[in-house]
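Enquirer: just the structure for this:
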Amino acid sequence: MKRFLYLGYYLKQMDWKKFNLFLNFASEQTNKNKVVLLFDALLSVFKYNISLLEYFQFRFFEKNKQERTTWAGTGYMFEYQLKMNPKSERHILDDKRKFYQEYKDFFIHKVATLDELNKHPEIANAMLANPSGKIVFKVADGKCGIAVQVEKANQYDSKTIISFMEKNKFDMVEEFIIQHSELNKLSPSGVNTVRIFTQLDKNNEVILLGCRQRISVNSSVDNMAAGNMAAIIDEHSGKIIDSGVYSDITKNEETIHPITGISIIGFQVPFWNETVAMVKKAAKLHPQNRSIGWDIVITENGPGFIEGNHDWCKLLWQLPAKKGLKHLIEPFNK
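Expert: Prediction:
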């Protein structure tokens, strides 16, 4: 019964243009009839607890039954993350204002809430004078770069910044982050963040489930959902060890950045040891949330947090690995 409800959710949220693109591509690649693929996709929703779109993103149309069982889809991850990060506790990750308050020691850039700006005008003045010359407006519960607006700081003063936020329902403002020069060489169009997935074991020790480098491709944001790439970072060396991949199955993986020409494989993420140490320390701070996807910016002055996600992305986790990774979290789901 639960998976029938999931199916209804998938249909309601479906990007039909993307679905049809993927269906046509899969049919061309396999020489299978579209009706056959649709029927297989529908059965996979119930058998493997994935979404209809994930049938294509996980390339199930090319995989056998055993390979399909290794992938963690939306339904499985929803249930897993609900268990790891209970609704009663995940609010500190859901609300960017609360996240900043709880993890501010791990931030490297200035952040202020609308309430703070109203109470302390000097905070607004400091924000507007940040070295980048730009500010970023956000909503407290925004996901995947949605409801984010970048503006020039010199367009505002301590009063007009508040009125702008109130009028447009923004809850927070941040200084625009200047990423590390090496990451800027790789892709200067957007701030390229690192995602590290952590899991606490029964002894509250931190397990790294994976490390990924998001790579923007002529885009101001770096999310895969916006058409960008992601690649695996070796957790020990901090080097990218495989090609960048897209969530769009019609695009080929990349070993060299298509815009800058910089090699993706072998790229060394700066301040890697400091980044891993920061994440491991933060993961123990609120052990009531046991499995978190941390978004990290790397600057010339070191790493800092952007946000933490209780509902971290199964695509960003598994697609760069080119295989299902359910086995990494199944031991914690008993």
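Enquirer: tell me, how many residues neighbour the closest residue to Asp94 other than its chain neighbours?
Expert: Leaving out its chain neighbours, the residue that sits closest to Asp94 by CB to CB, 6 or more residues apart in numbering is Asp141, at 6.1 Å. In this view, the C-beta of every residue, glycine as well, is placed from N, C-alpha and C. Applying other CB atoms under 10 Å, we find 12 residues neighbouring Asp141.
Enquirer: chain center to the host helix or strand of Phe197: distance?
Expert: Using DSSP states H and E, Phe197 sits within strand 194-200. Strand 194-200 has its C-alpha centroid displaced from the chain centroid by 11 Å (CA atoms, centre = their mean, to the nearest Å).
Enquirer: what is it packed up against?
Expert: Counting by 3 or more CB pairs under 8 Å, 6 or more residues apart in numbering; DSSP states H and E, the packing neighbours recorded for strand 194-200 are strand 206-215, helix 272-283, strand 291-299.
Enquirer: can you rerun that using 6 Å?
Expert: strand 206-215, strand 291-299 (3 or more CB pairs under 6 Å, 6 or more residues apart in numbering; DSSP states H and E).
Enquirer: poorly predicted segments of the stretch 1-150 of the chain, please.
Expert: 142-146 (pLDDT under 70).
Enquirer: just the strands in it please.
Expert: 111-113, 134-138, 148-152 (DSSP state E, counting those that start in this stretch).
Enquirer: helices or strands up against the second one?
Expert: The one in question is strand 134-138. Using 3+ CB pairs under 6 Å, 6+ apart: strand 134-138 touches strand 148-152, strand 172-175.
Enquirer: residues near Tyr10, how many?
Expert: By the criterion of other CB under 10 Å, Tyr10 has 19 neighbours.
Enquirer: quick check: closest non-adjacent residue to it.
Expert: Ser51 (4.5 Å).
Enquirer: how many residues are close by the one you found?
Expert: Neighbour tally, Ser51, other CB under 10 Å: 23.
Enquirer: can you list the domain ranges for this structure.
Expert: 2-69, 86-95+180-332, 110-175 (automatic domain parsing).
Enquirer: can you say which of the ones you listed is packed in most?
Expert: Ranked by mean neighbour count under mean count of other CB atoms under 10 Å, these are led by domain 86-95+180-332, which reaches a mean of 18.
Enquirer: ok now it, how far from the chain's centre?
Expert: That offset, for domain 86-95+180-332, works out to 7 Å (CA atoms, centre = their mean).
Enquirer: distance of His91 from Asn289?
Expert: 10 Å (CB to CB, to the nearest Å).
Enquirer: likewise Gln155?
Expert: To Asn289, Gln155 is 37 Å away according to CB to CB.
Enquirer: who does Gln149 bridge with?
Expert: Taking DSSP bridges as the rule, Gln149 bridges to Phe137.
Enquirer: how much space between it and Ile161?
Expert: From Gln149 to Ile161 the distance is 12 Å (CB to CB).
Enquirer: now Asp105
Expert: Applying CB to CB, the value for Asp105 to Ile161 is 25 Å.
Enquirer: next: Lys169.
Expert: From Lys169 across to Ile161, the span is 14 Å (CB to CB).
Enquirer: for Asn228, see how far away the closest residue in space to Lys322 that isn't next to it in sequence is.
Expert: Distance criterion CB to CB, 6+ apart; nearest residue to Lys322, sequence neighbours excluded, is Val245 at 7.2 Å. Per CB to CB, Val245 is found 10 Å from Asn228.
Enquirer: ok, Ala124 - contacts?
Expert: 117, 158, 161 (CB atoms under 6 Å, 6 or more residues apart in numbering).
Enquirer: which residues does the first one contact?
Expert: When contacts are counted by CB under 6 Å, 6+ apart, Leu117 is found next to 123-124, 162.
Enquirer: Ile233: which of those is nearest?
Expert: For these, the residue nearest Ile233 by CB to CB is Ile123; the value is 34.5 Å.
Enquirer: for the closest one, which non-adjacent residue is spatially closest?
Expert: Ala112 (5.0 Å).
Enquirer: again, but for Leu128
Expert: Closest to Leu128 by CB to CB, 6+ apart is Ala153, at 4.6 Å.
Enquirer: what does the pLDDT read for the one you found?
Expert: Looking at Ala153, its pLDDT stands at 95.
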